[in-house]
Structures are given as structure tokens and as C-alpha cells.
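In: Provide a 3D model corresponding to the input given below.
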Amino acid sequence: MARHESSPRDAGSAPHGRLLIVDDEVAQLRALCETLSFEGYVTEGFSSPLLALAGLKAGQHDLLLTDLMMPHMDGIELVVAARQIDPELGAVIMTGNGTIDTAVQAMQVGALDYILKPFRLNVMLPVIARALDLQRLRRENAMLLAQERRHAVDLAAAYQGPRGLFLFGIPRSARASAVRERFRAATAGRVQRSTG
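Out: Down below sits the predicted model:
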């Protein structure tokens, strides 16, 4: 089983993204890793889907590029298994004999795109860039949703009324009145202390 890792040639610039590449054809895997590394990506390649899953557990990756037809586990099964490890991981399926059925199946399990072999760099690079952009948006969205949930919990705690009365169950006008009253009571104490 082969493993191949490459870093961007220009160490001074930030990488475009971390790619986990899986293809049972070792020569193609090596060429793909080196080409994408030259284009500014950090690549980690595996010729075995099982080793790729172990690599995914061990490191942070932005996108999975996987061949469709491989022994022991096909690319669609790999996408499913990889997304169990990292639900936010984006995936692109690569195949030499694609059909509409396999393309639909790939999208249903969460693949962002589908690339036909033999690869043309002018086709592959925009697909990878779009997939990474979509992946970044997904992760940002998940982060913002988590922040929103934390803020909602903090807000609920801040608006908890006297003796544990939860104000979000009160009609809007009553809730607003209760908040205004709490504000007045809190600021009245400060006003008296500053003038007294």
C-alpha cells in the first residue's frame, strides 16, 4: 500500500487547502499529489481506502479526492465512512467510467462534484477550488450556527426573570416590560449611588 505526501513548492505562501487523495493506481496517485502540490495544495495520498481513513483520523483535511473503483471499498463507501469521521469533510469522486447513476449516488452521499479520468488540469483545478470554497462556507456556517446557539443560551440566561421565570414564554409586550423594569431597577441603584 502506497502513501504519498507533498507540500506546496512555494513554502512562503499559504497553501490553498489540505487534500486527502485516494487512488489504487499508485503512479496516478503520485502524479496527482505532485501536480496538486505544485499548484499550491498540501496533499496526502493513499492507495488504500482503509489507510486513507486512518490518515483522516490522524490529520486535518479540507477535501477528499477519491477514485470510484477500488478494491475492498469503493469511492462512494469511502465518502460515507470519511464523513462519519469528519461530517464537515467535502469530497470529490474521480472515475474513468462514470455513469449518471454513480454521479447521482455520489452526490446523495455528500460528494460535492464528480471528475472524469483522464484528468485535464484546466477542468480539475476549478472543480477543486469550487469544492474547497463550498467546504469553507459549510464550516463557516457550522461555526456561526454554533455561535448563535451559544449566544441564544447566554441571552436566555440574561433574560431570566425573578425567581426563575423564563421570559421567553411570556408574550412579547410583557417580556419587553419585564426587561425594561429590570433595567430601570438596575440603573436606579446606580443613579442613587452616584448622586448620593
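In: ok, and for stretch 78-88, which residues are buried?
Out: Of the residues in stretch 78-88, 78-79, 82-83 count as buried by neighbour count, 16 or more other C-beta atoms under 10 Å. Bear in mind the C-beta positions are built from the backbone N, C-alpha and C, glycine included.
In: distance of the residue nearest to D86 when sequence neighbours are not counted from L145?
Out: Computed as C-beta to C-beta, 6 or more residues apart in numbering, the closest residue to D86 that is not its neighbour in sequence is L56, at 6.4 Å. Separation of L56 from L145 (C-beta to C-beta, to the nearest Å) stands at 23 Å.
In: got it, and P118?
Out: 40 Å.
In: Those two: which has the busier surroundings?
Out: Neighbour comparison, P118 and L145: the larger count goes to L145, with 10 against 6 (by other C-beta atoms under 10 Å).
In: where does whichever strand or helix holds the more buried one sit relative to the chain's centre, distance-wise?
Out: L145 belongs to helix 121-158 when assigned by DSSP states H and E. Here the centre of helix 121-158 is set off from its chain's centre by 7 Å, with C-alpha atoms, centre = their mean, to the nearest Å.
In: and it, what does it pack onto?
Out: strand 63-67, strand 90-95, strand 113-116 (3 or more C-beta pairs under 8 Å, 6 or more residues apart in numbering; DSSP states H and E).
In: Dump those strands into TSV; add mean pLDDT as well.
Out: Shown next, in TSV, are the helices and strands packed on helix 121-158 (pLDDT from 0 to 100):
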stretch	mean pLDDT
strand 63-67	96
strand 90-95	93
strand 113-116	90
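In: With distance to A52 and mean neighbour count added, can I get these in JSON lines?
Out: Shown next, in JSON lines, are the helices and strands packed on helix 121-158 (distance: least, C-beta to C-beta, whole Å; neighbours: other C-beta atoms under 10 Å):
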{"stretch": "strand 63-67", "distance to A52": "8", "mean neighbour count": "26"}
{"stretch": "strand 90-95", "distance to A52": "11", "mean neighbour count": "25"}
{"stretch": "strand 113-116", "distance to A52": "17", "mean neighbour count": "19"}
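In: Now render the ones you listed as JSON lines, adding distance to R139.
Out: Shown next, in JSON lines, are those (distance: least, C-beta to C-beta, whole Å):
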{"stretch": "strand 63-67", "distance to R139": "11"}
{"stretch": "strand 90-95", "distance to R139": "9"}
{"stretch": "strand 113-116", "distance to R139": "17"}
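In: Can you check which of those strands gets nearest to R138?
Out: Taking C-beta to C-beta, strand 90-95 is the member of the helices and strands packed on helix 121-158 nearest to R138, at 7.2 Å.
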